[in-house]
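> Fold the following and give me the result.
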Amino acid sequence: MKKTFSVIILIFLVIIVCLYMNYKDMLINKNSVRKFNKEYEFYNKEAVLGTDLTTIINKAINSNEKFNIEKDVNDLYIPNDSNSIKIYIIFSEKDNRYYPMESLIQNNFEDFTKYFGGAEFKCVNVKYHEKTGQIAEMIFSVIE
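All right, here's what the predicted structure looks like:
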């Protein structure tokens, strides 16, 4: 009887420790996503300069590289359902075409900074991954 009771207590303790570890991992993951999103949401304001936009694009590219996000034949990142991030830019409210961040790098990032470094952009849309809650996409439009 005493031995059975000890085994039941031991099993109960193991279950509690496992639940605690899962809860702790969930909190760590949640804090990691919150920190990641905060870095990008900082730029979700009325106006950011083109130079700030280059910073966020560099962050997005570094993040995609860190998470080994695959690219398609056009050298554009392929979004996944958990940790990819895409930045799109609209250069004219009349044109309303979305240019992916990768096209700026392919077409000489320095030229973008030269011509649009002082221009003001506004974040017009932010999307989040449903699975993780991490930012998946941001769209910036030039303020004319």
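> could you say what helices and strands the lengthiest helix in the chain packs with?
Secondary structure of the chain per DSSP state H: the longest helix is helix 2-41. Helices and strands touching helix 2-41, by 3 or more CB pairs under 8 Å, 6 or more residues apart in numbering; DSSP states H and E, are helix 50-66, strand 120-128, strand 135-142. In this view, the C-beta of every residue, glycine as well, is placed from N, C-alpha and C.
> Any chance you could list what contacts the helix or strand just after the first one?
Next along the chain after helix 50-66, taking DSSP states H and E as the criterion, comes strand 86-90. Contacts with strand 86-90, where a contact means CB atoms under 8 Å, 6 or more residues apart in numbering, come from 53, 56-57, 60, 77, 79, 96-101, 104, 121, 124, 136-142.
> What count of nearby residues applies to the closest residue to Met101 other than its chain neighbours?
Leaving aside its chain neighbours, Met101 sits nearest to Ile87 (4.1 Å; criterion: CB to CB, 6 or more residues apart in numbering). For Ile87, the count of nearby residues is 26 (other CB atoms under 10 Å).
> for Asp81, same thing?
Neighbours of Asp81 (other CB under 10 Å): 10.
> pLDDT below threshold where in the chain?
1, 106-108 (pLDDT under 70).
> hmm, try it at 80
1-3, 5, 28, 45-46, 93-96, 104-111, 144 (pLDDT under 80).
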